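Q: structure of the sequence below:
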Amino acid sequence: MSLKLEGKVTGAWVREFSRSWQSLAPSLKSRKLVVDLRGVMHMDTEGRRLLSEIYNQTGAELLADSPMTHYFADEARRHSSRKTKEEK
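A: Numbers count the residues shown, from 1 in each chain. Have a look, this model is predicted:
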């Protein structure tokens with residue numbers, strides 16, 4: 001399953017991101033989630049917190065293609081309590 005984000009993930013758009021995530025989460029079960037950040041131009045603190053929470057819960061693959069989106073993906077991974085294969 002995939003969730004594609006585009007533009008500025010701020011304010012009301014973070015709430016929409018959260019609603020989309022909440023509606024998608026129950027249907028995930030054991031399926032892998034991909035969060036596509038390649039169209040994101042900006043993400044505020046709340047958006048980044050939500051991305052970290054989603055990564056922490058699912059271990060989602062985070063797709064990034066620019067220094068900014070790589071930063072958002074790396075930040076979500078750093079704030080996660082998930083263990084990487086190397087840490088296990």
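Q: quick one: residues contacting Asp44.
A: For Asp44, the contacting residues are Val9, Thr10, Gly11, Val14, by C-beta atoms under 8 Å, 6 or more residues apart in numbering. C-beta here means a position set from N, CA and C on the backbone, and glycine is covered the same way.
Q: any of those buried? List them.
A: Val9, Val14 (16 or more other C-beta atoms under 10 Å).
Q: mind checking which of the contacts of Asp44 are in helices?
A: Val14 (DSSP state H).
Q: pull the most distant pair out of the contacts of Asp44.
A: The span of these, defined through C-beta to C-beta, is set by Val9 and Gly11 at 9.0 Å.
Q: look up the closest residue to the most centrally placed residue in the chain, ignoring the ones flanking it.
A: The residue lying closest to the centre of the chain (C-alpha atoms, centre = their mean) is Leu51, at 3.4 Å. Closest residue to Leu51 apart from its sequence neighbours, by C-beta to C-beta, 6 or more residues apart in numbering: Ala76 at 4.6 Å.
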